[in-house]
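Colleague: 3D, please:
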Amino acid sequence: MSVREIGDFVAHRGERHKGPVTQTARDVFTSVDVWSLPMRGRKPSKSDISRAARANLRLASDMQLKQGCGLRRPTVRRRLESGLKKFARNETLTDQEADVLSYLGDRFIWKPAFSDDQLFNEFRDVLVQNAIVPKPEAASLDGAKTFLTLYAIALMHGVTIEFDNGTKSQLRAGFANRQRHLEVKILITFEELSKPLMAPICMFLTSLDPDSYCTPELLELGEGVLADAWKGPIEVGDNDKLTLTG
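Modeller: Residues are numbered from 1 along each chain as shown. Okay, here's the model as predicted:
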């Protein structure tokens with residue numbers, strides 16, 4: 001999945017309308033949109049609750065569902081679908097249906113579309129399964145993980161994602177997180193209030209530290225707390241570090 005997604009970014013860098021990153025970004029947008037409606041002076045409608053519940057089901061991990069609903073994912077999915085049908089018809093939900101809808105319909109859940117570990121593992125699997133690299137030699141690919149990660153960061157940086165409501169935002173690379181790991185974020189913004197409500201959400205999470213894999217000018221630009229700390233195009237330089245293009 002992640003390898004195909006990076007290939008699609010190569011082919012369509014300007015604006016993305018489909019794929020795992022786009023779907024995850026749209027689901028996270030829906031999750032934070034509905035969850036934040038009361039803070040923005042609006043009451044969630046039935047439609048809002050339903051779309052948030054479906055988005056959060058896709059975003060939530062199996063552990064989150066088990067902890068929040070006490071059920072495994074297939075059961076949560078069945079309870080949610082049956083509950084949403086009753087909810088739309090103003091019928092009484094069972095206790096389990098109500099619990100599932102309450103948990104998923106009024107919660108902000110997020111997750112990255114994928115990580116550097118997932119990208120590299122799937123890249124290696126693709127090469128082995130297609131007989132490009134013999135299975136006994138798969139370990140020889142380990143040294144390519146860092147370059148692959150940096151290449152993916154540079155490729156995703158600056159690409160525009162369109163949300164379901166027609167608004168757009170750009171993916172931005174940086175390291176504005178507690179661990180100071182390189183990442184790619186999407187900045188979700190709501191403008192209804194006098195002060196905008198902003199949620200920078202990680203879409204591609206890595207384990208790389210910027211001090212080892214960025215040139216000095218990017219270390220200076222990356223001090224901001226928002227996802228758009230790096231505004232100019234970036235690339236992987238000859239020294240195998242992220243650098244400003246040109």
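
Colleague: distance between the lowest-mean-pLDDT helix or strand in the chain and the chain's centre?
Modeller: Every helix and strand of the chain was ranked by mean pLDDT, DSSP states H and E. The lowest is strand 15-16, at a mean of 75. The chain centre lies 15 Å from the centre of strand 15-16; the measure is Cα atoms, centre = their mean, to the nearest Å.

Colleague: next: stretch 7-14.
Modeller: Remark: stretch 7-14 is offset 17 Å from the chain centroid, using Cα atoms, centre = their mean.

Colleague: quick check: buried residues in it?
Modeller: 8-9 (16 or more other Cβ atoms under 10 Å). No exception for glycine: its C-beta is placed from N, CA and C like everyone else's.

Colleague: got any ranges where the protein has weak pLDDT?
Modeller: The model of the chain has pLDDT under 70 over residues 221-229, 246.

Colleague: tell me where it has helices.
Modeller: 2-11, 20-35, 46-59, 62-69, 73-88, 95-105, 116-129, 145-156, 210-213, 216-221 (DSSP state H).

Colleague: about what we covered before: same for the least confident helix or strand of the chain, what does it pack against?
Modeller: strand 160-162 (3 or more Cβ pairs under 8 Å, 6 or more residues apart in numbering; DSSP states H and E).

Colleague: kindly recompute the last result at 10 Å.
Modeller: In terms of contacts (3 or more Cβ pairs under 10 Å, 6 or more residues apart in numbering; DSSP states H and E), strand 15-16 is packed against helix 2-11, helix 20-35, strand 160-162, strand 168-174.

Colleague: now those in a markdown table, with distance to R79?
Modeller: Converted to a markdown table, the helices and strands packed on strand 15-16 look like this (distance: least, Cβ to Cβ, whole Å):
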| stretch | distance to R79 |
| --- | --- |
| helix 2-11 | 30 |
| helix 20-35 | 19 |
| strand 160-162 | 31 |
| strand 168-174 | 33 |
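
Colleague: mind checking which of the ones you listed is nearest N121?
Modeller: helix 2-11 (8.8 Å; Cβ to Cβ).

Colleague: give me the distance between that closest one and the centre of its chain.
Modeller: Worked out by Cα atoms, centre = their mean, helix 2-11 lies 15 Å from the chain centre.

Colleague: over to stretch 177-187?
Modeller: 11 Å.

Colleague: and for stretch 90-110?
Modeller: Distance of stretch 90-110 from the chain centroid (Cα atoms, centre = their mean) equals 23 Å.

Colleague: with just CA atoms, put that stretch into CSV.
Modeller: Presented in CSV, the C-alpha positions along stretch 90-110 are these (Å, rounded to 0.1, in the frame of the first residue of the first chain):
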residue,chain,number,x,y,z
ASN,A,90,-35.1,7.7,15.1
GLU,A,91,-35.4,4.2,16.4
THR,A,92,-34.1,2.9,19.8
LEU,A,93,-30.6,1.6,19.7
THR,A,94,-29.4,-1.4,21.7
ASP,A,95,-27.0,-0.6,24.6
GLN,A,96,-24.1,-1.9,22.6
GLU,A,97,-25.1,0.0,19.5
ALA,A,98,-25.4,3.2,21.5
ASP,A,99,-22.1,2.7,23.2
VAL,A,100,-20.3,2.2,19.9
LEU,A,101,-22.0,5.2,18.3
SER,A,102,-21.2,7.3,21.4
TYR,A,103,-17.6,6.3,21.3
LEU,A,104,-17.0,6.8,17.6
GLY,A,105,-19.4,9.7,16.9
ASP,A,106,-18.0,12.2,19.4
ARG,A,107,-14.2,11.7,19.5
PHE,A,108,-11.1,13.1,17.8
ILE,A,109,-8.9,10.2,16.6
TRP,A,110,-5.9,10.5,14.4
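
Colleague: so for that stretch, what gets flagged as buried?
Modeller: 93, 96-97, 99-110.

Colleague: out of those residues, which is nearest to V236?
Modeller: W110 (27.4 Å).

Colleague: leaving out the residues flanking it, which one is nearest to that closest one?
Modeller: V28 (4.7 Å; Cβ to Cβ, 6 or more residues apart in numbering).
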